[in-house]
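J.: for reference, the sequence and a predicted model appear below.
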Amino acid sequence: MDDGRQVLQDQVEEIEALQACYPDLVSLAVAEADTLRFAAAVAAGRSSLGAGDVPALSGTLQLADVQLGGVPVQLKFVLPRGSGTASLQVLTNASRSAADSLQQLASSTAEECANDGAPCLLLVANRLAQAAQELAAAEEAEEAAQRQHAGEQPPGGGGTAGAAGAGGQSGGGGNSRQQGRQLVLSRRCVWFHHIKSLEKRKSIVQWGRELGLGGWSKPGFPGIVLVEGVGCDVDEYLSRLRRLRWQAMAVRGEEDQPYDSQAALEAARRAPLGVQEVGEEDMGRLAAAAKAAGMEELFLTALKLAPAR
């Protein structure tokens, strides 16, 4: 495959991965969908035309669960023809300063990925979602302060409940660690800015096998590790991973379930034994595997599409 077709294939897979991770939230106009199909045919050698004959691939992602000013944040993207930086436009009903901040974040992330020769859409979407959620929380805090200044009561005591909820999650983590030596089946979804080092990739797989874990690892930008196993073994696995040097690593999703017997725990496993590595561009494959194993919601926490548990 020549360089032009390889770049085209990478872009087709990037959009397909975005569609797999954000089902029903990636909008393609009729012409954009036709161009994507044409690009896939050219990349696969099913057309007599070359990569230079394919228009730029584009579309719109809606972050439905992230709203500013009462309207979901949207990301319009146009991938470069060949190498280069993706053109991104953030659409939001937020204030001018907030909108400028999100746009700058999207553009700088796209430039960062272009310099690294990495796909950018999933990483941009992840960072936008996180930043927009922080802005939404700031908006709510400002509104609450204004109501308090005006002598109004907070609706439903939401602030206190939220704090209690956050405390409850923190306590749950502690219980998880205490139960790690008991019969607890634990699942974790871990997000990394990237996983590129061959030594780290080797350790992720080897340590998983050594500790009797099951799950998957997706290297590249971003990196994702989705694992399950006996609680204390999962804790040891994460401890080893944290000792490696990462640009960014975060446990985005957690599940812990106690069992009365080892047999019951083993029967409840969902992931195949051994941490299996998928390709750097196989986010869609990972999404499908997680869905088939009943771990889709946990997987989506890596992309901020489901509440962390």
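T.: Thanks, I have the structure now.

J.: mind listing what's buried in whichever strand or helix holds Asp34?
T.: Element membership for Asp34 (DSSP states H and E) is helix 30-43. Residues of helix 30-43 classed as buried: 32, 35-36, 38-40, 42-43 (neighbour count, 16 or more other Cβ atoms under 10 Å). For glycine as for every other residue, the C-beta is placed from the backbone atoms N, C-alpha and C.

J.: CA atoms of it as CSV?
T.: Listed next in CSV are the C-alpha coordinates belonging to helix 30-43 (Å, rounded to 0.1, in the frame of the first residue of the first chain):
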residue,chain,number,x,y,z
VAL,A,30,-25.0,12.7,2.6
ALA,A,31,-21.9,14.0,0.8
GLU,A,32,-19.7,13.3,3.8
ALA,A,33,-21.0,9.7,4.1
ASP,A,34,-20.4,9.2,0.3
THR,A,35,-16.9,10.5,0.6
LEU,A,36,-16.2,8.2,3.5
ARG,A,37,-17.4,5.2,1.5
PHE,A,38,-15.3,6.3,-1.5
ALA,A,39,-12.2,6.8,0.7
ALA,A,40,-12.6,3.3,2.1
ALA,A,41,-12.9,1.8,-1.4
VAL,A,42,-9.8,3.7,-2.6
ALA,A,43,-7.8,2.7,0.5
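
J.: got the contact list for that helix?
T.: Helix 30-43 is contacted by residues 1, 5-6, 8-9, 11-12, 15, 28, 47, 49-51, 53-59 when judged by Cβ atoms under 8 Å, 6 or more residues apart in numbering.

J.: count of residues packed around the closest residue to Trp246 other than its chain neighbours?
T.: Spatially, and ignoring its direct neighbours in sequence, Trp246 is nearest to Phe192 (5.9 Å; Cβ to Cβ, 6 or more residues apart in numbering). As a burial measure, Phe192 scores 25 neighbours (other Cβ atoms under 10 Å).

J.: wait, Phe192 sits on Phe221?
T.: No. Taking contacts as Cβ atoms under 8 Å, Phe192 lies outside contact range of Phe221: 9.1 Å.

J.: give me the sheet partners of the host helix or strand of Ser217 and which way each runs.
T.: Here Ser217 sits within strand 214-218, counting by DSSP H and E. Partner strands and pairing direction for strand 214-218 (DSSP bridges) are strand 223-230 (antiparallel), strand 274-277 (parallel).

J.: about what we covered before: what mean pLDDT does whichever helix or strand comes after the helix holding Asp34 get?
T.: Using DSSP H and E, the next helix or strand after helix 30-43 towards the C-terminus is strand 58-68. Average pLDDT, strand 58-68: 87.
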